[in-house]
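Engineer: How does the following fold in three dimensions:
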Amino acid sequence: MRSKLDVAPNMMVMVGLFRKPSLRVASAFNHFMAGRGDITEFAGFSRGLVTKLLAGEKGYTPVHCEFAYHDRFVNWTRDCSSYYCQECVRSAEEDLPKALQRLHGFAFIGLMEHFELSVCLFHAMFGGKCLPIEFVNMRKGVEHQDPMQLANALSGHEDPYDNAVYQAASEIFWRNVERFNANDATCAR
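Structural biologist: Just a heads-up that it's a prediction; the model follows:
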């Protein structure tokens, strides 16, 4: 597929599909915890996870946070002395500036809450036709608890770091939707 954007040869190109943090946490809670445990405690363990990953200071270590919470829950331990556990509860405040800066280097940003429009925007930016298979949920998870109820349970426990990243990603997404004229009419499948 030939890009409509200028990309230098041998340049690493990043793309991202971002999800509202409370919905991402609800989905992860359903996946990793099968809906068991305390979602607000789980959210505390994954607070700033996307921000930390984008900043890249600790490699893929933040990915372990949801596993670490699961292990603590299953093993009924409150010990948080391991490196991974300490990284999970570390504030993402220092990572936020770098994460926000890196967003502006992404070739494409989509939003899960606007998945179909994201697919259309991708094609508007990079070419090619939308295929029906692109709109099929190939990895439907099991909902042990209603994701919207779980997300609502996080009210008052918002993630300021991942919310800031999501807000910036959302602004870039909507700016590109307008710039590339992506809409239902131009993206008819």
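
Engineer: drop to CA atoms for contacts and neighbour counts, all remaining ones
Structural biologist: OK.

Engineer: Run the chain-centre distance for the longest helix that the chain contains.
Structural biologist: The longest helix of the chain (DSSP state H) is helix 160-179. Distance of helix 160-179 from its chain centroid, counting by C-alpha atoms, centre = their mean, to the nearest Å, is 12 Å.

Engineer: now for that helix, which elements pack on it?
Structural biologist: Secondary-structure packing of helix 160-179 (3 or more C-alpha pairs under 8 Å, 6 or more residues apart in numbering; DSSP states H and E): helix 21-33, helix 49-55, helix 96-103, strand 108-111.

Engineer: residue contacts, residue 157?
Structural biologist: Contact analysis of residue 157 by C-alpha atoms under 8 Å, 6 or more residues apart in numbering lists 40, 43.

Engineer: Also residue 109?
Structural biologist: 15, 16, 17, 18, 118, 169, 172, 173.

Engineer: Show me what the first one bridges to in the sheet.
Structural biologist: When bridges are called by DSSP bridges, residue 15 pairs up with residue 108.

Engineer: Could you measure from residue 36 over to residue 168?
Structural biologist: Look at residue 36 and residue 168: by C-alpha to C-alpha, to the nearest Å, they are 32 Å apart.

Engineer: same thing with residue 120?
Structural biologist: Counting by C-alpha to C-alpha - residue 120 and residue 168 are separated by 20 Å.
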